[in-house]
Every structure is written in structure tokens, then in C-alpha cells.
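Peer 1: My questions are about this predicted structure, shown below with the sequence.
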Amino acid sequence: MNSTFTKEDGEEAQVIDDVANEVVVEPSEAASIQKTEKPEQKMQQFFMGFSRAEIIVMKHTVKYLTETMERLLYSNEFEVRRCATGEIVSQGRCLVNGAMNGNVGGASDEEVQKLLKERDAARSEAEKLHANYATLYAAYNQVREAANDIRTEFEDAREKLKLATAEIDEWQVKFMSIKENATNELERASREYEDLVQNHEENVKGLRLRAKRHAIELSSKNEEIDVLKKRVEELSAICDQLIEDVDLSDQMSAVSMDA
């Protein structure tokens, strides 16, 4: 007969089993395993506060308790079913060592009651463990679905990022082409402006030289006019003097003729 006892003493709890080769796991060791797995502490909120080591221990404990309960429930039991409908025709418990439980040579009533209590306790604990395991499994499925959703969103975001990167590269190529064309046009306009400024300066210099030459010519013409005016005045004075002399000589000749 396999038996399971649980000892709880404040901070320590262990599973004691008389089955050979059964591994005894203490929560203190599980806690040490949990401490070494610091990255998984963030996932405990999805697993009802249990660590991975505690979940593994719980899983094996549930398995063991289930097997023990099945052995307690169905050991030496039989049932007869109809092949056509599966209806139970008869069921009961076989003889153990030639007698039924509670009879002479069999187990005593106290042992039977003790075993029944152990069976009920094991069944209750197994049901609790099954419920906890089902809750953890549901939480695990939720986490897995969330992880799959996150992975899908990540893939979508990565594809969008690739498209955005390709579009940015395309716009960058267009921008560089426009920038190069604008730079070339600006350089050409700068050269044309410099040529225009140089031509303007040369034209202004030529016009200034022409204006200066015309000013010099005008000045020389004015000087020549002044000289000619003086000559004209001198010639006019000479002509007036000659006219006066001629008039005087005519008068004198006329007077001489009268005498």
C-alpha cells in the first residue's frame, strides 16, 4: 500500500512517500531554483504567482496523487458491462487474501476508514491540484496567445518598417537628385550673374571713358571757341579801325577837292 503524508511546519513542507525510487522535492530547493531563474519572475503574474519549479513539482505531485487515488479507488474492484449498450450489470470488490475488507483475515474497519480518509484527502488535494493546474494551463494558453499576437504584430511592424525604409531610401535618392540639379542650376546662375556683373562693370568703365573723352573734347572745343571769339573781336576791332580810317581819308580827300 502506498501512502502519502504532508508535513507543514511554518516555512518548510515536504512530501514523504514509501514508494521506492520516488523523488522527494522540498519547496526550499524549488525556491533556490526559482532564484536562479530571475528572467522568469516577470512571467509569474500570468501563473498565479507560482514559479516554474513549483509548477513542475505540482505537475508531478498531481500525477502521483492521481495514480495513487486510482489505485485506492479501483484496486481489487470489478464491474460487468453489457457489450451492446455498455450498461453496468454488476460491480463489486474482489476478495483480498481470501476475504473481503472488514472480514476475518482482511483489513480492519479502522484501517479501512483510515484508508478511506487518506483516499478522500488525496482526492481533494488532487482536485485542488487539478484545478490549479487547469488555471495555470489556461494562463499559459493566454500567455501563448498573447505571445503569438505580439509576434504577429512584430512581423507586421517589421514589414511596415521595411516598406518605410524602402520608401525613405527612394525619397532620399529623389532628394539627392533634386539637390544635385538645384546645385548645378545655382552654380550656373552664379556664373551668369558674375558674367553679367563683369560685363556691366566693363560697360560702365567704357561709358565713363567715353564721357571723360567727350568732356575733354568739349573743354577743348570751348577753348577753341574762346580763342576764335577773341580773334573775331580783334578782327572786328581791326575792321572798325580800318573803316574809320577809310572814312577819315574820304573826308580828307573831299575837303582837298573842295579847296
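Peer 2: Looks like it came in fine.
Peer 1: Which parts of this structure are strands?
Peer 2: Assigned by DSSP state E, the chain shows strands spanning 4-9, 12-17, 77-81, 88-93.
Peer 1: quick check: mean pLDDT across the first one?
Peer 2: This means strand 4-9. If you average the pLDDT over strand 4-9, you get 37.
Peer 1: What is the neighbour count of Lys212?
Peer 2: 10 (other C-beta atoms under 10 Å). Using the backbone N, CA and C atoms, a C-beta is placed for each residue, glycine as well.
Peer 1: Ok, Glu54 next?
Peer 2: Glu54, neighbours per other C-beta under 10 Å, totals 20.
Peer 1: now it: how far from Arg188?
Peer 2: 79 Å (C-beta to C-beta, to the nearest Å).
Peer 1: Could you report the neighbour count for Glu201?
Peer 2: 10.
Peer 1: Over to Thr68?
Peer 2: If we define neighbours as other C-beta under 10 Å, then Thr68 has 21 of them.
Peer 1: Make 33 the first number, not 1, from now on.
Peer 2: In the new count, where the first residue is 33, that last one comes out as Thr100.
Peer 1: So it sits against Ala154, correct?
Peer 2: Yes: counting by C-beta atoms under 8 Å, Thr100 does reach Ala154; the two are 5.8 Å apart.
Peer 1: longest single helix anywhere in the chain?
Peer 2: helix 141-290 (DSSP state H).
Peer 1: Against which helices or strands is that helix packed?
Peer 2: strand 36-41, helix 84-106 (3 or more C-beta pairs under 8 Å, 6 or more residues apart in numbering; DSSP states H and E).
Peer 1: Give me the mean pLDDT for the longest one.
Peer 2: Model confidence over helix 84-106 averages 74 on the pLDDT scale.
Peer 1: follow-up on the earlier one: okay, the angle between the longest helix of the chain and helix 84-106?
Peer 2: Orientation of helix 141-290 against helix 84-106 (axes from the mean of the first three to the mean of the last three C-alpha atoms, to 10 degrees) gives an angle of 150 degrees.
Peer 1: so where is the stretch 183-291 of the chain shaky, pLDDT-wise?
Peer 2: 290-291 (pLDDT under 70).
Peer 1: And for the stretch 33-182 of the chain?
Peer 2: Checking the stretch 33-182 of the chain against pLDDT under 70 turns up 33-82, 101-118, 120-140.
Peer 1: let's see it at 80
Peer 2: Along the stretch 33-182 of the chain, segments meeting pLDDT under 80 span 33-92, 94, 96-144, 146-147, 151.
Peer 1: I am finished for the moment; much appreciated.
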